[in-house]
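K.L.:
Provided below are the primary sequence and the corresponding predicted coordinates.
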Amino acid sequence: MSKYVIAGGNPLSGSLRVHGAKNSVLPILAATLLVNGESVIHNCPDLKDVRSAIKILSHLGCRVTRENDTVIVDARTMSRFDIPESLMREMRSSVMFLGAIIVRAGKARMSFPGGCELGPRPIDLHLSSLKKLGVSISEEGGEIICEAGDMKGAEINLSFPSVGATENIMLAATMCSGRTRIINAAREPEIEDLEKFLQKTGSKIHGAGGSVIEIEGAAFASGVEHTVMPDRIEAATYLCAAAITHGEIELLSVAPEHLSTVVAALEESGCFVSAEPGRLYLRSGNELKAIRPVRTMPYPGFPTDVQSPLMALMAKAKGTTIFIENIFENRFRHVCELLRMGANIRVEGKIAVITGVPKLSGASVKMTDLRGGAALVIAALGADGVSEVCELSHTDRGYEKMDERLRSLGADIKRVE
Ligand code: UD1
């Protein structure tokens, strides 16, 4: 079993270039199925989830090559329309391939994603929206079977601005005759990145970033080149890590405009932050303070993915901070592990009350999910003594070379396989 051994206490200091966004590259890799030729995707992070998406594309018959951070997908050779259960299990968000496979193959087949570490993760919004566009859907032995009927554009009102459902509709709508309008669409920056990619494939699509997105069919382009946007969650994670160690950090190739709620929280906690296009600088205060209640919300609200990293920081901040998790049902599983390090946290349903302690202590802890795992690494960096953080398969899904990057900032961290 792989683990990080972290001796806490070293103030982080230095500069990092933020990688391309995991949550942007995954739907874009699905969208390469709409290109009748080569898609050249730059700034692709080397992550377990990206490797899983590449395995899906290869399984479907696409030719995929990777050279450093550039992934080239040739979808002309696509010959299948199914995703086997083993690959669905590797990455639950592979449901985002559904819309794109239907567009290319006229049908799709995959197993139900089922529950995940963040609680039940239903796909009802994905399926009801695809039905509205004319896809007939049946379920058989835990599998979803989709057949494209007479696909026509439609007006789709989402009862919740689901990121994945918005992306699936955007992809499927490129096959429809007429216009599709998504109302109450997710407004995350990654949706805008997908829109930019789809525009390059010839789709008439606009509105991403707002709550109404309009799509009008597609002309399958013969080649597309795209650079993935910076990862705002990776950036927020390293900001929290620098803050808890009373360090200072410069992030480059970052989009500060996507991090305004996170920066506001860090400033409130006593950190000095300055932003300019493509660059963020943080210097941690001598004493971290509790902040006003943090409510996770769809973008532009506070991101659920940064709830646990910020909670690790608040575990050492003076005073009491309340976190209200509004997006996922089961996103406090890291709390038990933080308690082992001496944190003072109480959880009641979707509310967590964190009373900062003067010091956290090194302990042996287990990652429970991707961002919860990042929270444990942050807490260990800010703790007295040595921690062992195991189950690295979680952070490997979303952080490229996390240990190397933290070492380059002065952290005492080593990976043991
Ligand atoms: C995406 C991100 C994830 C982030 C989340 C919320 C990717 C690969 N992942 O996940 O990092 O934490 O957005 O910002 O981009 N829901 C339903 N029915 C549906 C779909 C969703 O009830 O059909 C619920 C989910 O259970 C959850 C909430 O809606 O409670 C948000 O889910 P959604 O926005 O779809 O998140 P993902 O796209 O899965």
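P.N.:
Done, it's in.
K.L.:
contacts only, for the nearest residue to Ala343 once chain neighbours are set aside.
P.N.:
What sits nearest to Ala343 in space, not counting adjacent residues and going by Cβ to Cβ, 6 or more residues apart in numbering, is Ala315, at 4.0 Å. C-beta: built from backbone N, CA, C; applies to glycine. For Ala315, the contacting residues are Leu338, Met341, Ala343, Asn344, Ile345, Ile354, Gly356, Val357, Leu360, Ala379, by Cβ atoms under 8 Å, 6 or more residues apart in numbering.
K.L.:
helices or strands up against the helix or strand harbouring Arg415?
P.N.:
Using DSSP states H and E, Arg415 falls within strand 412-416. On a contact count with 3 or more Cβ pairs under 8 Å, 6 or more residues apart in numbering; DSSP states H and E, strand 412-416 meets strand 3-7, helix 402-408.
K.L.:
and the last one, average pLDDT?
P.N.:
Helix 402-408 shows a mean pLDDT of 98 in the predicted model.
K.L.:
got the CA positions of it in PDB?
P.N.:
What follows is helix 402-408, C-alpha atoms only, in PDB (Å, rounded to 0.1, in the frame of the first residue of the first chain):
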ATOM      1  CA  MET A 402       2.000  16.000  -5.400                       C
ATOM      2  CA  ASP A 403       5.000  14.900  -3.300                       C
ATOM      3  CA  GLU A 404       7.600  16.200  -5.800                       C
ATOM      4  CA  ARG A 405       5.800  19.500  -6.000                       C
ATOM      5  CA  LEU A 406       5.600  19.900  -2.200                       C
ATOM      6  CA  ARG A 407       9.300  18.900  -1.800                       C
ATOM      7  CA  SER A 408      10.200  21.600  -4.300                       C
END
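K.L.:
the least confident helix or strand in the chain by mean pLDDT: what's the following helix or strand?
P.N.:
One helix or strand of the chain scores below all others by mean pLDDT, DSSP states H and E: helix 85-90, with a mean of 88. Downstream of helix 85-90, the first helix or strand assigned by DSSP H and E is helix 97-105.
K.L.:
the stretch 1-150 of the chain: helices as residue ranges?
P.N.:
Ranges of helices within the stretch 1-150 of the chain are 22-31, 48-59, 85-90, 97-105, 124-132, based on DSSP state H, counting those that start in this stretch.
K.L.:
now the shortest one: buried residues?
P.N.:
With burial defined by 16 or more other Cβ atoms under 10 Å, the residues of helix 85-90 counted as buried are Leu87, Met88, Glu90.
K.L.:
what is it packed up against?
P.N.:
On a contact count with 3+ Cβ pairs under 8 Å, 6+ apart, helix 85-90 meets helix 48-59, strand 107-111.
K.L.:
adding mean pLDDT, write these out as CSV.
P.N.:
What follows is the helices and strands packed on helix 85-90, written out as CSV (pLDDT from 0 to 100):
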stretch, mean pLDDT
helix 48-59, 96
strand 107-111, 94
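K.L.:
same list (those) but as JSON lines, adding distance to the ligand.
P.N.:
Shown next, in JSON lines, are those (distance: least, Cβ to the nearest ligand atom, whole Å):
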{"stretch": "helix 48-59", "distance to the ligand": "7"}
{"stretch": "strand 107-111", "distance to the ligand": "14"}
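K.L.:
now mean neighbour count too, for these, in TSV please.
P.N.:
Formatted as TSV, those follow (neighbours: other Cβ atoms under 10 Å):
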stretch	mean neighbour count
helix 48-59	20
strand 107-111	20
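K.L.:
let's have those in JSON lines, adding distance to Ala290.
P.N.:
Below are those laid out as JSON lines (distance: least, Cβ to Cβ, whole Å):
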{"stretch": "helix 48-59", "distance to Ala290": "33"}
{"stretch": "strand 107-111", "distance to Ala290": "44"}
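K.L.:
what does the stretch 1-150 of the chain put close to the ligand?
P.N.:
Proximity of the stretch 1-150 of the chain to the ligand (Cβ under 6 Å from any ligand atom) is limited to residues Asn23, Leu26, Ser93, Arg121, Pro122, Ile123, Asp124, Leu125, His126.
K.L.:
in CSV, list the residues you listed along with pLDDT, distance to Val135 and neighbour count.
P.N.:
Compiled in CSV, these are given as follows (pLDDT from 0 to 100; distance: Cβ to Cβ, whole Å; neighbours: other Cβ atoms under 10 Å):
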residue, pLDDT, distance to Val135, neighbour count
Asn23, 97, 24, 24
Leu26, 96, 21, 26
Ser93, 81, 19, 21
Arg121, 70, 20, 17
Pro122, 86, 18, 13
Ile123, 91, 13, 20
Asp124, 92, 14, 10
Leu125, 95, 14, 19
His126, 95, 10, 24
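K.L.:
which one among those gets closest to His246?
P.N.:
Minimum separation from His246 among these (Cβ to Cβ) is found for Asn23, which lies at 30.0 Å.
K.L.:
mind listing what the closest one touches?
P.N.:
Asn23 sits in contact with Val163, Glu188, Glu190, Asp231, Ile233, where contact means Cβ under 8 Å, 6+ apart.
K.L.:
wait, what's in contact with Ala208?
P.N.:
Met170, Ala185, Arg187, Ile191, Glu192, Leu194, Glu195.
K.L.:
please redo it, this time with the cut-off set to 10 Å
P.N.:
Residues in contact with Ala208, defined by Cβ atoms under 10 Å, 6 or more residues apart in numbering, are 166-167, 170, 182, 185-196, 198-199, 214-215.
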